[in-house]
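J.: just the structure for this:
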Amino acid sequence: MRRFPVCSVQSMKQLTFGLTFVRHGETRYNKEGLLQGQAIDCPLSETGLQQAEAAGHYLKEVKFSNVFVSDMLRAKQTAETIVKHNSSCSGLQMVCKPLLKEKSFGTAEGGRVQDFREMAKAAGQTVQSFTPPEGETPEQVKQRVKEFLEKMLQQIGAEHWDDRGEEEASLSAPQHTPSVEGKADDGVSGVPVHTLVVTHGAYMCIAVRYFVEELNCSVPSGSDKAHMFSLSPNTGLCRFLLTMRKEDERFVLSELCCVFVHRGDHVKQ
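T.: Numbers count the residues shown, from 1 in each chain. The predicted model follows:
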């Protein structure tokens, strides 16, 4: 049985919560190998709707305390489908966040993904680092990830932090390294605070890279960075555990670890 590292429990007052990213389901543009980005707000295809239903059934017993979603149609349709199958979400507000939009690909939007790859190659850059005219740079997207993370930490802290005593607050952090067995609640079983975030492929790639390379996120044993930083499949899942502490009146991230990335078991099933 593989075991993944988890944020260690410290004596200071803290709160650990789960964060599950889900990429939206397939659209016609995905199927035809075309770039969407921000200017093209395409709905889910029939396959995409089926994928969203599969993700909803897969996650139906997983408890969520907060739901954030990109304000783009394909993400909202995916989130709505997941939420409708989940009883823990029945009283939750699904909060739309423009900060979770897909990366803008500028003048390349609507064109073929293959053409975009060739543009990057001609410019002597990788697909991940290349910015077409009028598009967002990876750094600009990373700034949106950072801003969303900061706002999310403050909201989670304001809603779920327990000020009634250090011992009680410390109970919210896991006391052992959880086993990862391919179950829908891997890493978050018994974790009372768990955030669902439905967003986009390129955005998730940049978020995962930022977590690992700049926030010192611990990763599963034997992880391959090429896989870690690759594109998640439609309705693919990435899960993290975040531990925060309170400094004065702000909530600050103290530890971050990855449970799994790019899981697509529900689609295969």
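J.: make it CA atoms for all contacts and neighbour counts henceforth
T.: Will do.
J.: can you tell me the SS state at the residue lying closest to Asn66 once chain neighbours are set aside?
T.: Nearest residue to Asn66, sequence neighbours excluded (C-alpha to C-alpha, 6 or more residues apart in numbering): Thr195, at 4.7 Å. What DSSP: H, G, I helix; E, B strand; the rest coil gives for Thr195 is strand.
J.: contacts only, for Thr195.
T.: 17-20, 64-68 (C-alpha atoms under 8 Å, 6 or more residues apart in numbering).
J.: so it bridges to which residues?
T.: Beta bridges link Thr195 to Leu19, Asn66 when assigned by DSSP bridges.
J.: how close does it sit to Cys42?
T.: Look at Thr195 and Cys42: by C-alpha to C-alpha, to the nearest Å, they are 25 Å apart.
J.: before we move on, what about Leu100?
T.: 16 Å.
J.: likewise for Gln50?
T.: Distance of Gln50 to Cys42, given as C-alpha to C-alpha: 16 Å.
J.: Glu134: which of the contacts of Thr195 is nearest?
T.: Glu134 lies nearest to Phe68 out of those, by C-alpha to C-alpha, at 27.2 Å.
J.: touching, the closest one and Pro98? I think so.
T.: No: between Phe68 and Pro98 there is no contact under C-alpha atoms under 8 Å: 10.1 Å.
J.: poorly predicted segments of this protein, please.
T.: 1-12, 163-179, 269 (pLDDT under 70).
J.: all helices for it, in order.
T.: 28-31, 46-58, 73-84, 113-122, 138-160, 166-170, 201-213, 225-228, 265-268 (DSSP state H).
J.: neighbour count for Leu100 and Cys42, which is higher?
T.: Leu100 (24 against 18; other C-alpha atoms under 10 Å).
J.: excluding covalently adjacent residues, which one is nearest to the more buried one?
T.: Ser70 (4.6 Å).
J.: and that neighbour, how many residues sit next to it?
T.: 22.
J.: pull the contacting residues for it.
T.: Contacts of Ser70 by C-alpha under 8 Å, 6+ apart are 76, 96-102, 198-200.
J.: what's the answer for Leu44, then?
T.: 25-28, 74, 77-78.
J.: please apply the same query to Leu19.
T.: 194-197, 239-242.
J.: with Glu255 instead?
T.: So Glu255 contacts 7, 217, 242-244 (C-alpha under 8 Å, 6+ apart).
J.: who's it bridged to?
T.: Thr243.
J.: look up how far Lys142 lies from it.
T.: From Glu255 to Lys142 the distance is 19 Å (C-alpha to C-alpha).
J.: start to end distance for stretch 257-268?
T.: 26 Å.
J.: for stretch 17-31, same thing?
T.: First-to-last residue span, stretch 17-31, C-alpha to C-alpha: 35 Å.
J.: next one: stretch 242-252
T.: Rule used - C-alpha to C-alpha; the end-to-end distance of stretch 242-252 is 10 Å.
J.: what does stretch 51-70 give?
T.: 18 Å.
J.: check which residues of it are buried.
T.: 51-60, 62-70 (16 or more other C-alpha atoms under 10 Å).
J.: skipping adjacent residues, who's closest to Phe240 in space?
T.: Using C-alpha to C-alpha, 6+ apart, the closest residue to Phe240 is Cys258 (4.4 Å).
J.: quick check: the one you found touching Ser223?
T.: No: contact criterion C-alpha under 8 Å: Cys258 and Ser223 do not qualify, at 10.3 Å.
J.: between these two, which one's more packed in?
T.: Cys258 (25 against 11).
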